[in-house]
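K.L.:
A structural model of the following input is requested.
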Amino acid sequence: MLIKVYGGAVFGVEAQTIVVEVNVDKGIGYHLVGLPDNAIKESNYRIAAALQNNGYKIPGKKITINMAPADLRKEGSAYDLTLALGILTASNQIKSESIEDYMIMGELSLDGSLQPIKGALPIAIKAQEEGFKGFILPNENAREAAVVSNLKVYGVQNIEEVIDYFDKGKSLEQTVVNTREEFYNELSLPDFDFADVKGQESIKRCMEIAAAGGHNIILIGPPGAGKTMLAKRLPSILPPMTLHEALETTKIHSVVGTIKNMGLMNQRPFRNPHHTISSAALVGGGSYPQPGEISLAHNGVLFLDELPEFERRVLEVMRQPMEDREVTIARAKFTVTYPSSFMLVASMNPSPGGYFNDPDAPVTSSPNEMQRYLSKISGPLLDRIDIHIEVTPVPFEKLSEERKGESSLEIRKRVGVARDIQTKRFTVLENVHYNAQMNTKQIREFCLLDDFSKELIKNAMERLNLSARAYDRILKVARTIADLEAVESISSNHISEAIQYRSLDREGWLG
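P.N.:
Next up is the predicted model:
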């Protein structure tokens with residue numbers, strides 16, 4: 001008897017329907033074809049034990065299973081439940097006339113219980129697009145899949161529940177998530193708050209500008225100046241995610257299996273990889289490419305602490321994704337594209353010893369040593385960072401103050417107003433939502449300068465020997481400063497402030 005059961009495979013952040021065709025005939029043998037990987041080939045052992053422990057068995061006949069499309073490689077253990085139900089139905093151990101109406105996925109334990117799978121959300125979206133009646137999957141993934149409207153999602157604990165549903169007509173409890181209501185009700189500020197930061201008013205101003213325009217920023221200062229503390233609080237002043245951004249972000253995290261027992265992500269991601277990270281882990285890769293840290297930080301913040309400690313080769317692979325806001329990973333048979341629209345926040349010490357060229361510092365470094373240390377970061381990468389700012393230690397008088405600083409909520413309100421201005425400005429543009437995303441053509445259109453401002457930026461270009469990319473970055477930052485003041489035209493004050501935020505371009509900044 002031939003039966004078809006349906007599952008899904010994830011490629012990038014999109015899913016494809018996999019048809020599992022099971023044929024039970026006279027003879028003996030177990031043949032699994034359709035480019036399965038080792039995890040799927042081993043599934044017959046898990047299925048045999050799970051069925052036996054629940055009163056069923058793999059029949060002693062010739063079983064042929066094809067996973068179509070047969071030229072597409074399948075991987076992972078999430079097809080266990082799909083294969084098991086196909087075998088039971090094809091061998092007439094259970095009767096089900098409606099099994100082809102459902103997408104079925106799940107990894108089996110030997111006792112028949114189900115383990116969570118990766119990529120439940122993209123698979124659920126595909127199931128809804130293709131008109132499946134429902135999606136049966138492990139209980140831990142149910143809320144994740146239930147954010148998809150017009151699809152019945154059933155979370156189950158073990159294979160016996162699924163068998164009883166199809167064979168005996170017992171009901172399964174549908175998981176229902178009111179996506180919009182839950183998403184907007186649970187929007188909240190992250191745990192870290194700028195009110196905890198004493199002093200550093202100029203740095204807070206830079207962080208506000210960076211958040212308002214989505215600009216990349218690098219903080220340069222000695223140990224203990226507060227660089228990491230400030231960076232961790234940046235997500236608290238970013239505008240709340242929109243429903244569309246939350247769905248995009250959740251899909252990526254679903255692919256790597258970090259979403260469990262929850263619906264949509266409602267906080268912007270903050271990724272903080274260690275400096276020993278490889279290039280494949282940072283941008284994504286592997287024989288079957290998985291998202292890297294830059295994609296996991298999509299719509300959020302990627303924080304690279306102690307930037308010069310990262311391998312130069314690893315940092316250089318970020319250059320193209322930072323410009324295109326997506327990363328394309330090519331293999332011989334297919335190409336995968338992951339979104340990677342993130343804010344880069346980097347921090348670094350100004351020298352190997354950790355301090356500026358200061359004779360009173362605990363550890364001194366010569367200007368040559370400082371320059372050699374800074375040269376670990378390439379000019380093209382620094383060009384892609386809009387704001388460079390020096391962070392100096394907070395004096396004792398500020399640290400001992402009882403008064404709290406301005407809260408993240410107050411700063412976030414101003415950032416939100418500036419983002420609203422940008423949203424209206426870029427309404428007709430499809431992939432531009434804030435100033436940092438503008439290309440050269442859009443910069444020329446939206447960043448018009450008066451004669452005095454042009455002369456000011458011309459002098460800066462000549463004196464600092466700035467590149468064309470740095471020129472564009474200054475204009476973008478100036479546009480954001482003007483938006484924070486809610487003014488239409490960019491003035492010389494906005495340009496001069498934006499030029500100040502190019503510390504690493506200034507000759508003699510080392511002191």
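
K.L.:
rest of the way, CA atoms for contacts and neighbours
P.N.:
Fine.

K.L.:
name the element Val428 belongs to?
P.N.:
Secondary structure from DSSP states H and E places Val428 outside every helix and strand.

K.L.:
and it, how many neighbours?
P.N.:
Applying other Cα atoms under 10 Å, we find 10 residues neighbouring Val428.

K.L.:
now Lys424
P.N.:
Residues near Lys424, counting by other Cα under 10 Å, number 11.

K.L.:
where in the protein is pLDDT low?
P.N.:
Per-residue confidence for the chain (pLDDT under 70) gives these ranges: 185-190, 357-361, 505-511.

K.L.:
what residue is smack in the middle of it?
P.N.:
Leu296 (2.4 Å; Cα atoms, centre = their mean).

K.L.:
test my guess that that one contacts Pro269.
P.N.:
Yes: the criterion here is Cα atoms under 8 Å, and Leu296 meets it with Pro269 at 7.3 Å.

K.L.:
which ones are touching the residue nearest to the centre of the chain?
P.N.:
Leu296 makes contact with Thr249, Ile252, His253, Pro269, Arg271, Ser340, according to Cα atoms under 8 Å, 6 or more residues apart in numbering.

K.L.:
helices - which of those residues land there?
P.N.:
Counting by DSSP state H, the contacts of Leu296 place Thr249, Ile252, His253 in helices.

K.L.:
give me the neighbour count for the nearest residue to the second one once chain neighbours are set aside.
P.N.:
Here the nearest residue to Ile252 in space, its sequence neighbours aside, is Val13; by Cα to Cα, 6 or more residues apart in numbering that works out to 6.1 Å. Applying other Cα under 10 Å, we find 24 residues neighbouring Val13.

K.L.:
tell me the spacing between Val13 and Ile125.
P.N.:
Distance, Val13 to Ile125, using Cα to Cα, to the nearest Å: 11 Å.

K.L.:
over to Ile218?
P.N.:
As judged by Cα to Cα, Ile218 and Ile125 stand 38 Å apart.

K.L.:
neighbour count: the two, which is higher?
P.N.:
Remark: of Ile218 and Ile125, Ile218 carries more neighbours, 28 against 20, as counted by other Cα under 10 Å.

K.L.:
dump the residue contacts of the more buried one.
P.N.:
Residues in contact with Ile218, defined by Cα under 8 Å, 6+ apart, are Val345, Ala346, Ser347, Met348, Ile385, Ile387, His388, Ile389.

K.L.:
helix or strand: which one has it?
P.N.:
Applying DSSP H and E, one finds Ile218 within strand 217-220.

K.L.:
quick one: that strand to chain centroid distance?
P.N.:
22 Å (Cα atoms, centre = their mean, to the nearest Å).

K.L.:
which strands border it, and is each parallel or antiparallel?
P.N.:
Using DSSP bridges, the strands paired with strand 217-220 are strand 343-348 (parallel), strand 387-390 (parallel).

K.L.:
which secondary structure elements does the helix or strand containing Ala482 contact?
P.N.:
Ala482 belongs to helix 468-484 when assigned by DSSP H and E. In terms of contacts (3 or more Cα pairs under 8 Å, 6 or more residues apart in numbering; DSSP states H and E), helix 468-484 is packed against helix 201-213, helix 408-425, helix 440-446, helix 492-500.

K.L.:
list the buried residues in the second one.
P.N.:
Within helix 408-425, the residues scored as buried using 16 or more other Cα atoms under 10 Å are 408-409, 411-412, 414-423.

K.L.:
neighbours of the spatially closest residue to Tyr56 that is not a sequence neighbour, just the number please.
P.N.:
Here the nearest residue to Tyr56 in space, its sequence neighbours aside, is Gln93; by Cα to Cα, 6+ apart that works out to 7.6 Å. Here the number of neighbours of Gln93 (other Cα under 10 Å) works out to 16.

K.L.:
secondary structure class for Gln93?
P.N.:
Using DSSP: H, G, I helix; E, B strand; the rest coil, the structure places Gln93 in coil.

K.L.:
next one: Phe303
P.N.:
strand.

K.L.:
output stretch 325-339 as CSV, nothing but the C-alphas.
P.N.:
This file holds the C-alpha atoms of stretch 325-339, laid out as CSV (Å, rounded to 0.1, in the frame of the first residue of the first chain):
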residue,chain,number,x,y,z
ARG,A,325,22.3,44.3,4.8
GLU,A,326,22.1,40.7,3.7
VAL,A,327,24.6,37.9,3.4
THR,A,328,24.7,35.4,0.5
ILE,A,329,26.4,32.0,1.1
ALA,A,330,27.0,30.0,-2.0
ARG,A,331,27.6,26.3,-2.3
ALA,A,332,28.0,24.1,-5.3
LYS,A,333,24.3,23.1,-5.6
PHE,A,334,22.5,26.0,-4.0
THR,A,335,22.7,29.5,-2.7
VAL,A,336,21.2,30.7,0.6
THR,A,337,20.6,34.4,1.5
TYR,A,338,20.1,35.5,5.1
PRO,A,339,19.0,39.0,6.1
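
K.L.:
what's in contact with it?
P.N.:
Contacts of stretch 325-339 (Cα under 8 Å, 6+ apart): 11-13, 283-285, 287, 289, 291, 295, 298, 320-321, 340-342.

K.L.:
check which helices and strands the strand ranked longest in the chain is in contact with.
P.N.:
Ranked by residue count and defined by DSSP state E, the top strand of the chain is strand 14-25. Counting contacts by 3+ Cα pairs under 8 Å, 6+ apart, strand 14-25 is packed against strand 2-11, strand 62-68, helix 80-90, helix 120-129.

K.L.:
and these: which comes nearest Met241?
P.N.:
For Met241, the closest of the helices and strands packed on strand 14-25 is helix 120-129, at 18.1 Å, according to Cα to Cα.

K.L.:
can I get the strands paired with strand 217-220 in a markdown table including distance to Arg444 and mean neighbour count?
P.N.:
Below are these laid out as a markdown table (distance: least, Cα to Cα, whole Å; neighbours: other Cα atoms under 10 Å):
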| stretch | distance to Arg444 | mean neighbour count |
| --- | --- | --- |
| strand 343-348 | 23 | 24 |
| strand 387-390 | 20 | 23 |
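
K.L.:
can I get those in TSV including distance to Asn465?
P.N.:
Shown next, in TSV, are the strands paired with strand 217-220 (distance: least, Cα to Cα, whole Å):
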stretch	distance to Asn465
strand 343-348	23
strand 387-390	16
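
K.L.:
which ones are touching the closest residue to Tyr355 other than its chain neighbours?
P.N.:
What sits nearest to Tyr355 in space, not counting adjacent residues and going by Cα to Cα, 6+ apart, is Pro222, at 4.7 Å. Residues counted as contacts of Pro222 (Cα under 8 Å, 6+ apart) are Asn349, Pro350, Gly354, Tyr355, Phe356, Val391, Thr392, Pro393.
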